[in-house]
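[1] build the 3D model from these lines:
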Amino acid sequence: MMQPDHSTRPDGRNIFLINAHQPYPFSKGELNRTLADRARRHFESQGDTVRETAMQDTIDVDGEVEHHVWADLVFLQMPVNWMGVPWTFKRYMDLVYTAGMDGRMCHGDGRTRRDPTRQYGLGGALTDVHYALSLTLNAPEMAFNDPTQRFFAGMSVDQLLAPMHLNFKFFGMQPLETFACHDVMKNPKIADDLARFDGYLTRLSAATERSMRMHATAGAAE
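    I've put the predicted structure just below:
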């Protein structure tokens, strides 16, 4: 299936913003909604076109696949629930990402019976699409990257979210910097988090632009 050329468009980028929060009585999603809204305003101020999906929306599976194919950047805003994604986003992935295995997002699992040298997981069709994770966690920042913290035992946030990174790698997507708000329930520092988030969004836009130019240069040289 023909994929769109993300390297030759002269106007702003295409941003697909997913708010994966699942509301609960004790966690209604205000912070994730605030971050998603702030991200949308930032991207629009840069001249980008933004499409949004939330888990409370009615999901059009083919439409969601098309959003991923259309995007230059898939921006996933989500809380970390029980060391992973909220159950509603897991359901979204089961529906949307399975449908996208028809060649729109990937070519099956990457292997073929005709060529046994092809490796599992390397059949992604979205090699020009970037992704970024913006996370909210109850765990404090000090719980990560420290072997003396016995629970995570030196793990980073990105290592904790390795399954999500592998899901996007399955589609050939390119990772950008991850952002995290820590300790959001017991010791929130929302003003500080929002200030850091603004700087992160600026870096993210610059990194996306640089990577798109590199892909365009590589494509022109082929």
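
[2] now residue 163. Nearest residue, chain neighbours left out?
    residue 84 (6.7 Å; CB to CB, 6 or more residues apart in numbering). For the C-beta atoms, the positions are set from N, CA and C on the backbone; glycine is no exception.

[3] can you count the residues close to the one you found?
    By the measure other CB atoms under 10 Å, the count of residues near residue 84 is 14.

[4] just list whatever residues bridge to it.
    Note on residue 84: beta-bridge partners by DSSP bridges are residue 81.

[5] so who does it touch?
    Applying CB atoms under 8 Å, 6 or more residues apart in numbering to residue 84 gives the contacts 90, 161, 163-164.

[6] correct me, but residue 174 touches residue 165?
    No. The pair residue 174 / residue 165 is not scored as a contact, 11.1 Å apart, by CB atoms under 8 Å.

[7] the two: which is more packed in?
    residue 174 (19 against 16).

[8] how is the residue of the chain most remote from its centre assigned, secondary-structure-wise?
    Centroid-distance maximum for the chain: residue 114 at 32.8 Å, with CA atoms, centre = their mean. Judged by DSSP: H, G, I helix; E, B strand; the rest coil, the three-state class of residue 114 is coil.

[9] the strands in the protein, which residues?
    Per DSSP state E, the chain carries strands over the ranges 14-19, 49-54, 73-79, 130-136, 174-175, 179-181.
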